[in-house]
Every structure is written in C-alpha cells, then in structure tokens.
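[1] Kindly return the folded structure for what I paste below:
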Amino acid sequence: MEKRLIYHFVDDDELLRITNRIKEIEKTTSGEICVTIKEHRHLLEKKKNIRELAQEEFIRLGINKTKDSTGILIFILLEDRQFYIVADNGINKKVSQSVWDSIRDDMQGMFVKGEFCKGILHGLTEVGKVLSAHFPVKPGDKNEISDRVRIED
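    Here you go, the predicted structure:
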C-alpha cells in the first residue's frame, strides 16, 4: 500500500502538536482557528485556484458561521504545494491583508526548507498573536469548531 502524501510532510506526533497549538491559542482568543491539509484536488476542483478552494472549505466547515465572524482557516493543498489563509469578515475589518501576507511569507520560507510542521506552528502562533490582540477571550466563550487538524484525500 502506498504511503499517504501527508506522511511525506508530517507525522502523527506533529499533527498532534499542531492540534495542541490550536487549543493553546484558543484559550487566549474568541477567534476560531482551523487547519485543513488536503492531499489532492478532486476532478471537479482542477480549474479552481487555491483561494477558491480555501474559501469553499471555509464555508463547508462552517467557519463563516462563528458567533462574531472571527474564524480563520489555514488551508494547505499538498499536491500543488500551495496554501492560503482565509479570515472571516469580523477579522478582516480589524486586520489588514498585509498581516496575513507576512505570516504566509514566513510560513512559505519554512516550507521551502522542508520545515513543514515548524512552518504551520509558526503560522498558528502568529495568527494567535493577532487574534488575541484584537479578539481576546470572552467570559463564557465556547469552542465553536473542532481544533483537530483536518486531513482530506
């Protein structure tokens, strides 16, 4: 049996570290952070760009339905070696695209060096700093979306 593509980039321990980092960050913010790692495009997705795929995933997961519109998705497409950060409207009203571009560039630099897990963890930490500054945790805050890394074929 052929090894899944994801395991060329991260192992199970690293996936757990990523999930745990999301849990840690969400203790300091009312924002919701998701990471989806998709191995391959499906046939019907071949003509879509990374942004379109990320936005579809954002909606499919219901990240666009968080209480204060403070969800964010880091969407990674392994087959194409691409990723995209999508933030909801509540975040985009307070945080400029240049902030996400800077985080993206840092992550990309680590990915190029083969430091995949380190790049994701760094991206999450930086996203967490932004969310904690603009959207601190509120009393009675609920975890609206699972912190677990989503892996798709």
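[2] What is the neighbour count of D153?
    For D153, the neighbour count with other CB atoms under 10 Å is 9. Heads up, the C-betas are built off the backbone N, CA and C, glycines and all.
[3] is it true that it touches T36?
    No - assessed by CB atoms under 8 Å, D153 is found out of contact with T36, at 12.0 Å.
[4] Just to be sure, T36 is in a strand?
    Yes - the assignment for T36 is a strand, going by DSSP: H, G, I helix; E, B strand; the rest coil.
[5] how about the nearest residue to it, chain neighbours excluded?
    Excluding its sequence neighbours, the residue lying closest to T36 (CB to CB, 6 or more residues apart in numbering) is R150, at 4.3 Å.
[6] How about the contacts made by the one you found?
    34-37, 61 (CB atoms under 8 Å, 6 or more residues apart in numbering).
[7] same question, V137
    26-30.
[8] got CSV for these, with pLDDT and distance to I76 too?
    Formatted as CSV, the contacts of V137 follow (pLDDT from 0 to 100; distance: CB to CB, whole Å):
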residue, pLDDT, distance to I76
E26, 95, 19
K27, 95, 24
T28, 95, 24
T29, 95, 21
S30, 94, 25
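[9] Mind checking which of these are buried?
    26, 29-30 (16 or more other CB atoms under 10 Å).
[10] Tell me the one of the residues you listed nearest N143?
    The nearest member of the buried ones among the contacts of V137 to N143, counting by CB to CB, is E26 at 6.3 Å.
[11] Which residue ranges of this structure form strands?
    For the chain, applying DSSP state E gives strands covering 32-38, 71-77, 82-87, 150-152.
[12] and these as TSV, adding mean pLDDT?
    Output for the strands of the chain, formatted as TSV (pLDDT from 0 to 100):
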stretch	mean pLDDT
strand 32-38	97
strand 71-77	96
strand 82-87	96
strand 150-152	94
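[13] between the ones you listed, which gets nearest to V99?
    The nearest among the strands of the chain, by CB to CB, is strand 82-87 at 9.1 Å.
[14] What lies in contact with that closest one?
    Taking CB under 8 Å, 6+ apart as the rule, strand 82-87 contacts 50-51, 53-55, 57-58, 63, 71-77, 95, 100, 103-104, 107-108, 111, 123, 127.
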